[in-house]
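[1] build me a structure from this.
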Amino acid sequence: MKTVLEPQKDVPVFLEADVIVVGGGPAGIGAALASARNGVQTVVVEKFGALGGMQTHSMSSTFSLIDPAIQGGIITDVISRLREEGGIQRDAAAKTRHAAFTSTNFDCEVYKAMLDDMMAEANVRLLYHTTGVGAIKENNVLRGIFIECIEGRFAILGKVIVDSTGNADIAWKSRTPCMDDGHGRGPKKGRHMGFGCRFYISGVDEDKFAKFKKENPEEWTGLYGGRSLVTQAKADGRYHGYRESLIIHTGRKPGIAMIEGFNYPLADGHHGWKIEDVTAGEIDLRKQVWSTFKLIKGNIPGFENSSVEKTWTIPIFRDTHRILGEYILAEEDIYTGRAFDDSIAVSNMGPDIYGPDGEHVYEVVRPHDIPYRCLVSKETDNLLAAGATISADFYAFAADRYCAPSMCTGQAAGTAAALAARLNVTPRKLDIKLLQDTLRGQGARVTVKDMPESVLGEYETRFEKNKNIADV
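    As a prediction, the model looks like this:
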């Protein structure tokens, strides 16, 4: 690749803060609120115009497997606030321990406005339409980040940086050791999950559609259906997609249907952080969406007068970069429900893997701990990771990248960052017992060792009943 010399220049310092949170998705939300509530100056750098990350910009407006015995603290505050403001559309929390997979769905427009309010109440400073483009690094210590926005290029100085970008942007661009491995075994070893999306259709006659499904039980089971329709459309060249059936959600808003299940597979040697692959994925996903809409509108009763209401701002990214931490959470850890002495969060999520050839597999695991060492960079000081950026192998990542564990690791990272800033120590040197006690005082669930045997027994029953299920 050719290179050119970029002129050297002084970069003005936009502001200074105790804690800089880069990325405003679920992990960044948890980190920012936790940091500010622990009494330190906190700034969030977000490249779009609202918080929520893929929950809002990809319209993945879901918290999966919510259970008060597993998650607590900030995620409880967020969901309770959504209920108060009428933002919950479907609440499945009560079924969590008895079903393979449940989700609590919400209105992402209510969510965006609500999060603005919550950040203001906590005195978090927000910088929207601002991208963290690099790190200010001295030896192996981060001192801040470079940002770019409509005003130009600036620096933000901080004591601790939380990388909650979902793809380890700050870690990777600061040349902090990162992992970018894909599938860990078999013929797909080294290959990566592709991109996903969902879209909304308006003008739906829900009663007519429900009647049609009831009259065709061999084709429609729950959300899934249209297998013979999809098969024939593929054979005729009228359908561009990878799944064998349609996934149509109704009942969240009158006359609105949400369609999901799309995937853009990545061939060997391609990656979710390569811009040409991302561009190709965007184009292909739009082809999938429009061929699906035409198929639905032209063939399924209830959709005759429908139109595409909304598509994504960003696709659903899956595996890209993750930090190399002091510990790598492993597949074995999440299946065995391993406990750790330095645990800072509990997860009940299993690997949800969109395979490189379009296949989809979800597996049930036992509740498992996430150790603090997964949030701490192995080599770079003053850097913490949260959410999909934490140190985990491919299978553990495929589980704990989800919104609920991400918000919980975000709370842990934000709390650790605040404590480290106040005590003037690096996150690596932070007293883990102090961190755990602080998190417990905030209502967070820290380790499976704190969970009642009766709850663990329910999860064991769920595991034995549902392990090794596929294609939910």
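[2] low-scoring pLDDT stretches of the chain, where are they?
    93-94, 468-472 (pLDDT under 70).
[3] determine the longest strand present in it.
    strand 152-163 (DSSP state E).
[4] what comes up buried for it?
    154-156, 158-163 (16 or more other C-beta atoms under 10 Å). For glycine as for every other residue, the C-beta is placed from the backbone atoms N, C-alpha and C.
[5] as a markdown table, the residues you listed with distance to residue 466 would be great.
    Output for these, formatted as a markdown table (distance: C-beta to C-beta, whole Å):
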| residue | distance to residue 466 |
| --- | --- |
| 154 | 50 |
| 155 | 49 |
| 156 | 45 |
| 158 | 43 |
| 159 | 44 |
| 160 | 39 |
| 161 | 39 |
| 162 | 34 |
| 163 | 33 |
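[6] hmm, back to that, ok, the longest strand of the chain: who's next to it in the sheet?
    strand 13-22 (parallel), strand 141-149 (antiparallel), strand 383-385 (parallel) (DSSP bridges).
[7] buried sites along the helix or strand following that strand?
    Sequence-wise, the next helix or strand downstream of strand 152-163 (DSSP states H and E) is helix 169-173. Across helix 169-173, burial judged by 16+ other C-beta under 10 Å covers 169-173.
[8] which neighbouring elements make contact with helix 169-173?
    Other helices and strands packing on helix 169-173, by 3 or more C-beta pairs under 8 Å, 6 or more residues apart in numbering; DSSP states H and E, are strand 131-138, strand 152-163, strand 383-385.
[9] residue 67 is nearest to which of these?
    Evaluated with C-beta to C-beta, the helices and strands packed on helix 169-173 place strand 383-385 nearest to residue 67, the distance being 24.1 Å.
[10] can you give the domain ranges for this structure?
    13-182+319-466, 195-310 (automatic domain parsing).
[11] hey, which of those is tucked in deepest?
    Among these, the stretch with the highest mean neighbour count (mean count of other C-beta atoms under 10 Å) is domain 13-182+319-466, at a mean of 21.
[12] indicate which one of the domains of the chain is closest to residue 188.
    Closest among the domains of the chain, using C-beta to C-beta: domain 13-182+319-466, at 5.5 Å.
[13] where exactly do the strands run in the stretch 51-200 of the chain?
    With DSSP state E, counting those that start in this stretch, the ranges of strands along the stretch 51-200 of the chain come out as 62-64, 88-90, 103-106, 125-127, 131-138, 141-149, 152-163, 178-179, 195-202.
[14] would you turn those into JSON lines with distance to residue 437?
    As requested, these are arranged in JSON lines below (distance: least, C-beta to C-beta, whole Å):
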{"stretch": "strand 62-64", "distance to residue 437": "26"}
{"stretch": "strand 88-90", "distance to residue 437": "32"}
{"stretch": "strand 103-106", "distance to residue 437": "29"}
{"stretch": "strand 125-127", "distance to residue 437": "28"}
{"stretch": "strand 131-138", "distance to residue 437": "31"}
{"stretch": "strand 141-149", "distance to residue 437": "27"}
{"stretch": "strand 152-163", "distance to residue 437": "19"}
{"stretch": "strand 178-179", "distance to residue 437": "31"}
{"stretch": "strand 195-202", "distance to residue 437": "39"}
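[15] to residue 338, which of these lies closest?
    Closest approach to residue 338 among those (C-beta to C-beta): strand 178-179, 19.7 Å.
[16] sorry, back to before: nearest to residue 323 among the buried residues of strand 152-163?
    residue 163 (7.0 Å).
[17] measure residue 241 to residue 196 for me?
    If you measure residue 241 against residue 196 using C-beta to C-beta, to the nearest Å, the figure is 12 Å.
[18] joint contacts of these two?
    Residues touching both residue 241 and residue 196 (C-beta atoms under 8 Å, 6 or more residues apart in numbering): residue 262.
[19] could I get the strands paired with strand 152-163 as TSV with distance to residue 305?
    As requested, the strands paired with strand 152-163 are exported to TSV (distance: least, C-beta to C-beta, whole Å):
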stretch	distance to residue 305
strand 13-22	44
strand 141-149	42
strand 383-385	47
